[in-house]
Structures are given as structure tokens and as C-alpha cells.
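In: Mind folding the following:
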Amino acid sequence: MANHTEISAGYPSSLRKLVARKGCWQRYLLLGITTNIAFWAATFLYLKLTPPTYTSSSAINLPGAWSNANINLPDIGYANYENVSPYAALSSQDPREIYKFIAESEPILRSAAEQLNMSLEEFGKPRLKLIINTSMMSVDFEGASPQEAQNKSLAFYKALQTRLNKLRNQEAVQRDIGYQTSLISSQKKLADAHKRLSDYKARSGLNSEDQIKDLTTNIEQLRRQRAEIIGQQQQATTRLAQLSNNLKLSAGQATDAFTLQTDQIFQQNLKNYSDASASLVVLESKFLPSHPTLITEKAKRDAAQEALLVRGQSLLGRKFTLAVLKQLSLSSNNSGNNVPRDALSQELVIVQADQKGFTAQAQAIEQQINQLESRLKNLTQLESTLDSLKRNTQIAGAVFSSNLTRLDIGKSNTFGSYPLIQLVIQPTLPEKPTSPKDKLVLLGSTLGSLFVSLGLVLLWWRERKNLISDKTVSTERKRMEQ
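Out: Below you'll find the predicted structure:
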């Protein structure tokens with residue numbers, strides 16, 4: 001009995017007492033039956049009392065889209081928009097991990113729970129799993145019923161989308177603030193550039209390069225016009241010299257002759273003088289110098305001569321004598337052979353007037369050319385500054401247009417740092433509960449029962465073996481003592 005007690009010292013007191021009261025195998029059989037009954041009772045109670053749990057599964061995809069857009073603005077600038085794949089930014093960064101972190105955050109779970117009028121504890125947390133080598137993420141939600149599990153998944157996805165849209169809007173607002181700041185700055189620079197350009201145009205009188213081109217064209221036209229007038233002037237000068245040589249009159253004398261010829265009073269006085277002179281010649285051949293008729297006619301001639309000289313001096317503005325009258329070939333009436341000479345004299349005066357007119361025109365055009373060339377020189381010097389101001393204005397306009405285009409294009413990138421997600425697998429409506437799993441529980445209980453029974457058998461076998469060994473030792477000791 002001492003050996004039995006020593007062997008059983010390592011077991012609990014209840015077991016030792018049981019072993020002490022019963023036989024060897026009966027004790028272990030009773031213990032095995034009790035243990036298995038307790039084990040299976042606990043199993044059936046668990047299956048009976050544990051409420052079933054249903055799991056709704058869904059899957060979310062993050063597309064790896066990559067798109068870009070290029071815009072050329074004629075004479076303004078170039079704008080580029082690129083929507084990079086979320087997986088190409090950093091090799092060590094997986095956007096699904098970011099979405100997983102956001103999905104497990106308390107605000108989203110609380111928002112989803114409020115949709116179902118549940119507390120955060122009742123709603124629970126989803127089981128999120130990233131599928132390797134894909135852009136997929138599986139989502140599992142548990143519920144007390146199939147409909148509850150599915151509703152949790154739908155509420156979770158709606159809350160996730162709402163949260164992502166809010167984050168995208170916040171990012172868009174912050175991005176627009178940056179774009180607006182840059183746009184306002186570039187707009188101010190553009191306005192300043194336009195003001196400097198306008199002030200310079202008003203101050204310098206130079207508005208565009210076309211103004212210089214037009215001025216150059218005008219100068220060339222005036223030069224051609226001057227060349228034509230100089231040619232006409234030379235022709236008039238040649239014609240004037242020819243007429244003066246034919247008439248033995250200078251241009252001034254021809255002008256005087258034409259002036260006298262066109263005056264009716266002078267011509268009447270000339271006619272009276274001519275008639276009196278002719279009558280006097282006839283009377284002198286008939287009468288003596290003291291004859292009253294001859295004296296009367298001389299007085300008439302002298303009166304006509306005086307009137308002629310006075311009128312001629314009045315018209316020409318200088319002393320007029322009969323010698324001058326004879327030189328101008330106006331001593332006879334406008335008849336007979338004097339008509340061609342009068343026409344030539346008139347043409348001489350006209351040609352002289354044309355020659356003076358051409359000379360005056362050539363001088364006026366030369367003066368205009370000099371003025372325009374001086375202005376062209378000044379405008380050419382101002383053109384470099386105008387080009388610089390225009391270039392600055394164009395650059396400011398290109399920057400402003402580019403910023404404006406970036407702002408408009410940036411608004412089209414509504415996803416920003418949070419790419420689009422797609423619910424590729426709708427939340428399922430489970431048909432069977434995921435827990436408790438009857439078969440798995442029964443299999444576990446069966447294996448546990450077998451392990452316990454096997455353990456008790458092994459303990460019984462060990463104890464029996466020890467008893468046999470102790471009995472053999474005792475028999476040998478008694479034999480040695482005898």
C-alpha cells in the first residue's frame with residue numbers, strides 16, 4: 001500500500017482518494033466515463049446555447065488606372081495633366097494599407113453603426129484581408145442574422161465612401177487654395193505687365209511693330225514720289241529753258257508780259273497809244289509840226305503813253321518804259337504774227353509755274369522724308385524696349401493661362417490622393433452560420449474524448465506496470481532474506 005501511495009503522490013487528492021477506494025482499472029474507467037460525460041455535456045451545451053453567427057463577404061478593388069492629358073494653348077503655353085497609378089508612387093507603399101487603416105478607424109465604424117441604430121460594440125469590426133498580387137481587399141462582417149451581416153457590410157461600404165469623398169473634398173479645397181493663390185499672383189503680374197506695356201505705348205507713341213513697317217513703307221513711297229517729282233521738275237526746267245531761248249525772254253520777263261497781256265486796262269491804253277501813234281505818223285506826213293491837228297494828236301498820243309506807262313508800272317511794281325514794252329514784244333496789238341508769240345509766252349509762264357510747283361513739292365517731300373526718317377530712328381530705338389515689354393506680357397499671360405488651365409484640369413482630378421474604389425463583389429447574404437460549426441465542434445470533442453481516454457489508459461497501464469514491478473521486487477527481497 002505504501003508503494004501505491006508513493007506512485008500516486010503526483011496526482012490530485014481526489015484522484016488519490018478515488019484510487020484508494022476502487023480497484024486499479026475500475027478507478028480509471030470511472031474517471032474516464034466521468035471526464036467524457038463532462039466533456040460532451042459541455043460540447044452539447046455550447047452547441048445549444050451559443051447563438052449562431054453569420055458572415056457576409058464582399059470585395060473592394062483599387063484600380064491601377066494611369067491616364068494623362070496634354071493641352072497646347074496656341075501662342076500662350078502648354079499644360080499637362082497626369083493621373084498616376086496609385087501603385088506606381090512608391091514601391092514600399094501600398095494604397096490598400098492606407099484604405100485598410102481608414103476602414104478600421106473608429107469614425108467610419110461609428111458612422112456605419114449609426115446607420116443601423118447600433119452601438120459601436122454591437123456593430124463590431126470587419127475582418128479585412130489584402131489579397132496578395134492583386135489590387136483586391138476582402139471584407140467580412142459578422143451578424144446575428146444573414147440580413148444583419150449583409151446590412152453591416154452595406155453600411156460599412158457607404159460610410160467608407162462618404163469618408164473618402166470627404167477626404168477628397170478637403171484635399172481638393174486645399175489644392176484649389178494653392179492654385180488660387182498662384183493664379184491671383186500670376187494675374188497680378190499679368191495686369192502689371194499690361195499696364196507697363198500700355199504706359200510705354202502711350203509715352204513713346206509706338207504701339208506695334210506694324211507701325212514701324214508702315215512708317216518704312218511710307219518713307220519708301222515718298223522717296224519714289226520725290227524721284228518722280230524731281231523728274232518732272234527737270235522736264236519743266238528743260239522746257240522752260242527751251243521756251244526762253246525761243247522767245248529771247250527770261251521766265252520773269254515772260255511772266256511780266258503775260259501779266260500785261262491779261263490786263264484789259266493796260267491793253268486798252270496800249271491800243272489807244274498804238275492808234276494815236278499811227279495817226280500821228282499819217283498827220284506828220286501832211287502837216288507841219290505847228291499844225292493844231294498834229295499838236296492835238298501828239299497830246300493824245302502822249303496822254304495814252306503816260307497812261308500806258310503808269311498802268312504798266314502799277315502792274316509790274318517797277319519802273320516801266322517804252323524800251324521795256326518793246327522788249328516784252330507787246331508794242332503791237334494781239335493780231336497777226338503776235339498770236340504764236342503770245343501763246344509761247346503763256347506756255348513759258350505756265351511751265352515756269354509748274355517748275356516752281358515741282359520744286360516746292362520736292363522740297364516738301366524731302367522735309368517729310370527727313371521727319372519720318374527721324375521718327376523711324378527713334379521708334380527703332382524704342383522697339384527693343386517694346387519687344388521686351390511684350391515678351392514679359394506674353395510670359396505673364398502664359399503663366400496665368402497655365403495656372404488657370406491647371407486649376408480647371410485639377411478640378412477634374414476628383415480622386416487625388418484617394419483613388420477610386422469599386423465594390424466588385426456585393427455583400428453576400430449568407431445561408432449558413434459561420435459559427436458555431438457543429439461538425440468542427442463535434443470533431444474537436446471526439447478528438448478530445450479520444451485523447452482523454454487514451455491518456456487514462458496510459459496512466460492505468462503505467463500504474464499497473466509499476467505495481468507489477470514493485471511486487472516482483474518485494475518477492476525477490478523476501479527470497480533473499482530467507
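In: From now on I want contacts and neighbour counts done on CA atoms only, so please keep to that.
Out: Will do.
In: For R203, the count of nearby residues, please.
Out: 10 (other C-alpha atoms under 10 Å).
In: Give the other helices and strands that the helix or strand containing it contacts.
Out: Take DSSP states H and E as the rule and R203 turns out to sit in helix 146-204. Judged by 3 or more C-alpha pairs under 8 Å, 6 or more residues apart in numbering; DSSP states H and E, helix 146-204 is in contact with strand 54-61, helix 106-115, strand 136-143, helix 338-412.
In: at 10 Å what do you get?
Out: Where contact means 3 or more C-alpha pairs under 10 Å, 6 or more residues apart in numbering; DSSP states H and E, helix 146-204 is packed against strand 54-61, helix 95-103, helix 106-115, helix 120-123, strand 136-143, helix 338-412.
In: gap between that helix and the chain center?
Out: 16 Å (C-alpha atoms, centre = their mean, to the nearest Å).
In: Next, the contact list for S469, please.
Out: Going by C-alpha atoms under 10 Å, 6 or more residues apart in numbering, S469 touches E463.
In: any idea whether it is helix, strand or coil?
Out: Per DSSP: H, G, I helix; E, B strand; the rest coil, the local secondary structure of S469 is helix.
In: Relative to K478, how far out is it?
Out: 15 Å (C-alpha to C-alpha, to the nearest Å).
In: do the same with E228
Out: For E228 relative to K478 (C-alpha to C-alpha), the value is 166 Å.
In: Between those two, tell me which one has more neighbours.
Out: Higher neighbour count among E228 and K478: E228, with 14 against 9, using other C-alpha under 10 Å.
In: so which strand or helix has that one?
Out: E228 belongs to helix 209-247, assigned by DSSP H and E.
In: so for that helix, what's the average pLDDT?
Out: The pLDDT scores in helix 209-247 average 82.
In: Distance from the chain centre to it, please.
Out: Computed by C-alpha atoms, centre = their mean, the chain-centroid distance of helix 209-247 equals 54 Å.
In: same question, stretch 386-400
Out: That offset, for stretch 386-400, works out to 14 Å (C-alpha atoms, centre = their mean).
In: Pull out the buried residues from it.
Out: Within stretch 386-400, the residues scored as buried using 16 or more other C-alpha atoms under 10 Å are L386, L389, K390, N392, T393, Q394, I395, A396, G397, A398, V399, F400.
In: So the last one is in contact with L183, correct?
Out: Looking back up the chat, that one is F400. Yes. Assessed by C-alpha atoms under 10 Å, F400 is found in contact with L183 at 6.3 Å.
In: Return every residue with contacts to both of those two.
Out: Shared contacts of F400 and L183 (C-alpha under 10 Å, 6+ apart): K189, R406.
In: what's the closest of the buried residues of stretch 386-400 to E121?
Out: Using C-alpha to C-alpha, F400 comes nearest to E121 of the buried residues of stretch 386-400, at 53.9 Å.
In: Not counting its neighbours along the chain, what's nearest the closest one?
Out: S186 (5.1 Å; C-alpha to C-alpha, 6 or more residues apart in numbering).
In: R226 now?
Out: In this structure, R226 finds its nearest non-sequential neighbour in A362, 5.6 Å apart by C-alpha to C-alpha, 6+ apart.
In: contacting residues around that neighbour?
Out: Contacts of A362 by C-alpha under 10 Å, 6+ apart are L222, R223, Q225, R226, A227, E228, I229, I230, Q233, K356, Q368.
In: What count of nearby residues applies to T262?
Out: Around T262 there are 10 other residues, counting by other C-alpha under 10 Å.
In: circling back to that earlier point, who wins for most neighbours among the contacts of A362?
Out: Q233 (23 neighbours).
In: can I assume S449 is in contact with W40?
Out: Yes. With contact defined as C-alpha under 10 Å, S449 counts as touching W40 (8.1 Å).
In: who's more crowded, those two?
Out: Neighbours per residue (other C-alpha under 10 Å) separate S449 from W40, with S449 holding more: 19 against 16.
In: From R27, how far off is the more buried one?
Out: Separation of S449 from R27 (C-alpha to C-alpha) stands at 17 Å.
In: before we move on, what about L447?
Out: 22 Å.
In: Quick check on the two: which one has the bigger neighbour count.
Out: Comparing L447 with R27 by other C-alpha under 10 Å, the one with more neighbours is R27, at 19 against 12.
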